[in-house]
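J.: sequence and predicted structure below; questions after.
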Amino acid sequence: MEKAGRGSVLMVHECEKNGLSAPKWQAEENLGVTLTFFAPEVTGEVTGEVACLLAVINGPMKRQEIQDTLGLKHEEHFREACLIPALHAGLIEMTIPDKPTSRLQEYRLTRTGSTVRDGADS
């Protein structure tokens, strides 16, 4: 039982580490245990600006590269309308999260961001 208990803790940690919801266990008498995993969900709608941002990100990219690809000149507008909402929604992530203002900072799609982008292409 101790091994099974440790395995369940490891599964929960792996789900959390990968941005997934924790699995759900359901015990049924004489049937054993059922384990259910949940796919990530995106709450709310993705704005047109964020959808455009997702469409142009191709691997890790610097803010200026993304902005130039989108043809946006105003940095503050880009940050407020595109970059920050995409970060808060978990659609993109920083490559150096503990140094957000680093000159080497780049942004890349998360799994959720890829799912949203690929769903928008369909």
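T.: That came through, no problem. Numbers count the residues shown, from 1 in each chain.
J.: so which elements touch the helix or strand encompassing Gly119?
T.: Secondary structure from DSSP states H and E places Gly119 in helix 111-121. Helix 111-121 is packed against helix 48-56, with contacts defined by 3 or more C-beta pairs under 8 Å, 6 or more residues apart in numbering; DSSP states H and E. For every residue, glycine as well, the C-beta is placed using N, CA and C.
J.: what sits up against the helix it packs on?
T.: If you take C-beta atoms under 8 Å, 6 or more residues apart in numbering as the criterion, helix 48-56 is touched by 46, 66, 69-70, 81-83, 85-86, 89, 91-92, 109, 113, 116-117, 120.
J.: can you check stretch 83-98 too?
T.: Under the contact criterion C-beta under 8 Å, 6+ apart, stretch 83-98 has outside partners 19, 42-44, 46-47, 49-50, 53-54, 57, 60, 63, 66, 100, 102, 104-110, 112-113, 116.
J.: I'd like to know which of those residues are buried.
T.: 46, 49-50, 53-54, 57, 63, 66, 106-107, 109-110, 112-113, 116 (16 or more other C-beta atoms under 10 Å).
J.: now do the strands in the chain.
T.: 24-28, 32-36, 92-94, 107-109 (DSSP state E).
J.: quick revisit: then the helix holding Gly119 to CSV, C-alphas only?
T.: What follows is helix 111-121, C-alpha atoms only, in CSV (Å, rounded to 0.1, in the frame of the first residue of the first chain):
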residue,chain,number,x,y,z
ARG,A,111,0.9,23.2,-24.3
THR,A,112,-2.4,25.0,-23.7
GLY,A,113,-1.3,27.7,-26.1
SER,A,114,-0.5,25.2,-28.8
THR,A,115,-3.9,23.5,-28.2
VAL,A,116,-5.7,26.9,-28.6
ARG,A,117,-3.7,27.8,-31.7
ASP,A,118,-4.2,24.5,-33.3
GLY,A,119,-7.9,24.6,-32.5
ALA,A,120,-8.2,28.0,-34.1
ASP,A,121,-6.5,26.7,-37.3
